[in-house]
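Chemist: Starting from these lines, generate the structure:
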Amino acid sequence: MTAANSAANGASLEDCHTNLFALADVYGIKWRRFSYQYQSAEPVGPLEDPVLLAYSLCQASNMLSAWRRVPCTNVITEPTTPGGPEKTEQGITKELWIYWYGDDPNFNEIIPAELQFEEKKNWDDGLSYECRTLLFKALHNLIERNLLGQNFVRIGKWFVRPYENNSTNDSIT
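Modeler: Model (predicted):
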């Protein structure tokens, strides 16, 4: 694992070379990134989390999307005790990445007001490593959702279709 962008398991998108993008004609792909900064380290329920709420709305609308946590550290300048060290508070930022092709979707119905717009780019601006990784994650989630919707079963990293016993074809003569 000498590559700078290696994942924990040694796999990296930098090691993958394919003509998928040329074959699929995805040169018109566009994306937006939204974020939300959590003020406290206390966990938020999934129904109260604006990023997860927007992600579920994207999934319900069949939009290609992915989310991730981005750790950050905020230093509070007020000492906790007089003459004592400064208090460091761990915070978390969550990002929602939405990908689409063609005309811009209506984000007013999907994105809550709490989410902050970070950037809007397209294929011509280039794909950073993080953008490619999250695009791969979004495609993987879409494929997985479609396979599970077609009654495939996931066993580890594999998807299999269970055997259906047809009594007309399996009769003993």
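
Chemist: Phi, psi for residue 108 please.
Modeler: The phi and psi values for residue 108, taken as degrees, to the nearest 10, are phi -60, psi -30.

Chemist: do the same with residue 58
Modeler: The phi/psi pair for residue 58 (degrees, to the nearest 10) is phi -60, psi -40.

Chemist: got it, and residue 107?
Modeler: Main-chain torsions, residue 107, degrees, to the nearest 10: phi -80, psi -20.

Chemist: quick one, what contacts it?
Modeler: Residue 107 makes contacts with 32, 98, as judged by C-beta atoms under 8 Å, 6 or more residues apart in numbering. Any C-beta I mention is one placed from the backbone N, CA and C, and that applies to glycine too.

Chemist: 10 Å instead?
Modeler: With contact set as C-beta atoms under 10 Å, 6 or more residues apart in numbering, residue 107 has these partners: 32, 34, 54, 58, 63, 98, 115, 117.

Chemist: measure the last one to residue 140 for me?
Modeler: For residue 117, the distance to residue 140 equals 25 Å [C-beta to C-beta, to the nearest Å].

Chemist: same thing with the fourth one?
Modeler: As for residue 58, its distance to residue 140 is 15 Å (criterion: C-beta to C-beta).

Chemist: now do the fifth one
Modeler: With distances taken as C-beta to C-beta, residue 63 is found 15 Å from residue 140.

Chemist: neighbour-wise, which of those two wins?
Modeler: Higher neighbour count among residue 63 and residue 140: residue 63, with 17 against 11, using other C-beta atoms under 10 Å.

Chemist: how about the helices of this protein, start to end?
Modeler: Taking DSSP state H as the test, the helices found in the chain are 20-24, 50-60, 129-149.

Chemist: Ok, which of these comes nearest residue 109?
Modeler: Nearest to residue 109 among the helices of the chain is helix 50-60; the distance by C-beta to C-beta comes to 7.5 Å.

Chemist: mind showing which ranges of the protein have poor pLDDT?
Modeler: Scanning the chain for pLDDT under 70 picks out 1-26, 40-43, 72-90, 167-173.

Chemist: run the last query once more with 80
Modeler: 1-27, 39-44, 46, 71-91, 165-173 (pLDDT under 80).

Chemist: re the thing from before, can you tell me which of the contacts of residue 107 comes closest to residue 125?
Modeler: Lowest distance from residue 125 to the contacts of residue 107 (C-beta to C-beta) belongs to residue 32, with 12.2 Å.
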